[in-house]
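Please work out how this folds:
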Amino acid sequence: MLSIGELARNSGVAPSAVRFYEQQGLVASARTAGNQRRFHQAEECVIRIIRVAQRVGLTVAEIRELMAELPADREAVSVADFLRVRRNLEAEAQRRITRLVGVLDDLESERKLCAVPVG
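Residues are numbered from 1 along each chain as shown. Modelled structure (predicted):
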């Protein structure tokens with residue numbers, strides 16, 4: 001089990017980001033007898049996926065939905081679980097790229113986006 005500082009350092013985010021992710025239900029912690037947060041090591045990978053999902057442009061709600069595919073018990077998370085999440089994130093990134101290419105096509109086309117009437 002990792003402290004919040006260890007998890008933040010290992011996953012390349014600030015401790016405040018870990019707290020935010022926890023508040024949003026994206027990562028989970030257990031509490032020690034001294035009321036300190038402890039995170040399962042699998043949360044490192046979860047945070048890395050969250051960071052990529054943010055770069056793809058997913059909202060917190062969309063990321064929460066993506067992470068819902070993982071077992072709540074992080075000790076039960078398998079490589080196959082992470083691969084499934086990765087494939088779904090890749091597919092969403094491709095959908096967004098396709099939509100953006102369509103936007104670029106519209107912008108680069110000869111069609112006028114804003115036709116100004118003459119006369």
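
which residues in the chain form helices?
4-11, 15-23, 42-56, 60-67, 79-108 (DSSP state H).

pLDDT score for the residue nearest the centre of the chain?
Centroid-nearest residue in the chain: Ile50, 2.6 Å away (criterion: Cα atoms, centre = their mean). pLDDT, Ile50: 96.

Next: Asp73.
Value listed for Asp73 in the pLDDT field: 88.

next one: Asp106
Confidence score, pLDDT, at Asp106: 84.

that older thread, so which of the helices of the chain is nearest Asp73?
Among these, helix 42-56 comes nearest to Asp73, with 9.6 Å by Cβ to Cβ. Any C-beta I mention is one placed from the backbone N, CA and C, and that applies to glycine too.

Report all helices and strands that that closest one contacts.
Contact here means 3 or more Cβ pairs under 8 Å, 6 or more residues apart in numbering; DSSP states H and E; on that basis helix 42-56 packs against helix 4-11, helix 15-23, helix 60-67, helix 79-108.

what's that helix in contact with?
2, 7, 10-13, 17-18, 21, 26-29, 62-63, 66-67, 70, 74-75, 77, 82, 85-86, 89, 92-93, 96 (Cβ atoms under 8 Å, 6 or more residues apart in numbering).

Give me the distance from that helix to the chain's centre.
5 Å (Cα atoms, centre = their mean, to the nearest Å).

mind checking the backbone torsions on His40?
Dihedral angles of His40 (phi, psi; degrees, to the nearest 10) stand at phi -70, psi 150.

residues in contact with Arg86?
Applying Cβ under 8 Å, 6+ apart to Arg86 gives the contacts Ile49.

Ok, the one 3 residues further on next?
For Leu89, the contacting residues are 49, 52-53, 56, 66, by Cβ under 8 Å, 6+ apart.

Roughly how far does the residue nearest to the centre of the chain sit from Leu100?
Distance, Ile50 to Leu100, using Cβ to Cβ, to the nearest Å: 22 Å.
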